[in-house]
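Asker: After the sequence you'll find the predicted model.
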Amino acid sequence: MTPRAMPPSPTRQRARRYGQRAETLCALVLMLKGYRVLARDFRVPSGEIDIVARRAGTVVFVEVKARAGAGGRDAITARQRRRIVRAAEAFLQRRPALAAHGIRFDVMVVDGLRLPEHIVDAWRPEA
């Protein structure tokens, strides 16, 4: 017999809902700035991307941090950045028409009731 998976705790469920609302808010802000949202919650075994958007000739991979006092670019560890880059590579393999575009990695920080802080070009992939 396999053990049943425990349902997420109420605290975990609230955190998940808060994160989803933060991602929705960030997607709306990006659209108001002229970005076209291509995907949300893109997941592959090697990683995930919260929002994929395009503006002009650039594909932007956005990590959303929804925490009070999150430090923006410092809130993402080197391991997380590598996982996001691998997921971005998988996304571009599935959408070859976008491979000719430039790419960029941004961070959006949601802190309470304020508008999200958009950190453009938060990091570059390691060579």
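Answerer: Noted; the coordinates are in hand.

Asker: per-residue confidence for residue 124?
Answerer: pLDDT recorded at residue 124 is 90.

Asker: Residue 35 now?
Answerer: 98.

Asker: any idea how far the residue nearest to it when sequence neighbours are not counted is from residue 9?
Answerer: Distances taken as CB to CB, 6 or more residues apart in numbering place residue 53 nearest to residue 35, at 4.0 Å, with adjacent residues excluded. In this view, the C-beta of every residue, glycine as well, is placed from N, C-alpha and C. When CB to CB, to the nearest Å is the yardstick, residue 53 and residue 9 sit 32 Å from each other.

Asker: So which of these two has more stuff around it?
Answerer: residue 53 (23 against 9; other CB atoms under 10 Å).

Asker: Could you verify that the more buried one is part of a strand?
Answerer: Yes - when DSSP: H, G, I helix; E, B strand; the rest coil is applied, residue 53 is found to be in a strand.
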